[in-house]
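K.L.:
Okay, sequence plus prediction incoming.
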Amino acid sequence: MPRQPIAISVAAPAYNEAANIAAAVTEWRRYLEGHPAVGAWEIVVCDDGSTDATRAILEELRERCPGLVVVGFGRNRGAGAAIAAAIAHTRMDWVVLLDSDGQFPIANLDGFLDRIGEGEGAAFSGARIRKADGLPYRWGSAASGAVSNALHRTRYRDFNSIFKVVYGPLFRSLRLESGGMNCSTEITARVVELGHDWIEVPIEHRERGGGSRGWRFWRGARDRALFVGYLGYRRWLQRRGVLRSPAAHSVAERAALPVEAR
């Protein structure tokens, strides 16, 4: 029996990505329109208060692409806020989280669709086969990933990967706090807190299409270390029962509902 096409939302943040955003959206649209396993689709981009032509380019693209939804902020609020806003505005059954700098080809989704169709899980994450970042960024990512795995008692190959494919209602239920570039790490941790295992799928990672990174290395490294420590401390408090885990919280709320409402 043929499988039903999968309804997909692409969610992405964008900050001063005038050099990349048109190529990225065009690539995403062509893939979604042409893939036989994809049914209804949309692309939701949150412009994080860009000071270049990013918003104007997005508005122009929207005129030619009805499936493109553009949301945004009047000032820069950080990648975490933009990612959370993009996810919140999605409507489809599954949400693909990407970045707008061209580093994660949407064709990576090929390795996810069959597994989604088979019902293997609710949360999938792309594990970069070879990271195209510079050496300091690779070292930083490896170190924070190792610490995150130790604190959460997991063994993920790429804890910090932003390429995620998550069941829509689950993704939209996450209460994300990160204000900067640590949102992908937080998403991994939050889903683990909810009692779900990530299924990792190997993906391609390529160099930025153009422009420059929106954060400085040493400041970013400091903030990531602080945030990883915060997430680990939360997890430790949950295991000790000082904080209720989100998974236990959801079960308790469901048990308190009238039987007919469960």
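P.N.:
Happy to help now that I have it.

K.L.:
going forward, measure contacts and count neighbours with C-alpha atoms only.
P.N.:
Fine.

K.L.:
show me where the stretch 151-262 of the chain has strands.
P.N.:
Along the stretch 151-262 of the chain, counting by DSSP state E, counting those that start in this stretch, strands occupy 164-167, 199-203.

K.L.:
Need the winner for burial among the ones you listed.
P.N.:
strand 164-167 (a mean of 24; mean count of other C-alpha atoms under 10 Å).

K.L.:
Quick one: mean pLDDT for that strand?
P.N.:
For strand 164-167, the mean pLDDT works out to 97.

K.L.:
next one: stretch 224-233
P.N.:
On average, stretch 224-233 scores 86.

K.L.:
buried stuff in that stretch?
P.N.:
Judged by neighbour count using 16 or more other C-alpha atoms under 10 Å, the buried positions of stretch 224-233 are R224, A225, F227, V228, G229, L231, G232.

K.L.:
ok so, going back, nearest to H152 among the strands of the stretch 151-262 of the chain would be which one?
P.N.:
strand 199-203 (15.7 Å; C-alpha to C-alpha).

K.L.:
distance between the closest one and the chain's centre?
P.N.:
Taking C-alpha atoms, centre = their mean, to the nearest Å, the mean C-alpha location of strand 199-203 is offset from the chain mean by 14 Å.

K.L.:
same for that strand, what does it pack against?
P.N.:
The contact analysis (3 or more C-alpha pairs under 8 Å, 6 or more residues apart in numbering; DSSP states H and E) places strand 199-203 against helix 110-117, strand 123-128.

K.L.:
Can you tell me the strand partners of it and which way each runs?
P.N.:
strand 123-128 (parallel) (DSSP bridges).

K.L.:
Give me the contact list for the top helix by length along the chain.
P.N.:
The longest helix of the chain (DSSP state H) is helix 217-239. For helix 217-239, contacts defined as C-alpha atoms under 8 Å, 6 or more residues apart in numbering pick out 137, 140, 144, 147-148, 151-152, 181-182, 185-186, 189, 193, 243-245.

K.L.:
Ranking the helices and strands packed on strand 199-203 by mean neighbour count, which comes first?
P.N.:
Among the helices and strands packed on strand 199-203, strand 123-128 has the highest mean neighbour count (mean count of other C-alpha under 10 Å), at a mean of 24.

K.L.:
Can you check what angle separates that strand from helix 110-117?
P.N.:
160 degrees (axes from the mean of the first three to the mean of the last three C-alpha atoms, to 10 degrees).

K.L.:
Tell me the pLDDT of the nearest residue to A37 once chain neighbours are set aside.
P.N.:
Spatial nearest neighbour of A37, chain neighbours left out: P5 (4.9 Å); criterion: C-alpha to C-alpha, 6 or more residues apart in numbering. If you check P5, the pLDDT there is 94.

K.L.:
Run a quick neighbour tally on P5.
P.N.:
14 (other C-alpha atoms under 10 Å).

K.L.:
And A11, by the same measure?
P.N.:
Using other C-alpha under 10 Å, A11 has 27 neighbouring residues.

K.L.:
Fine, thanks again, bye for now.
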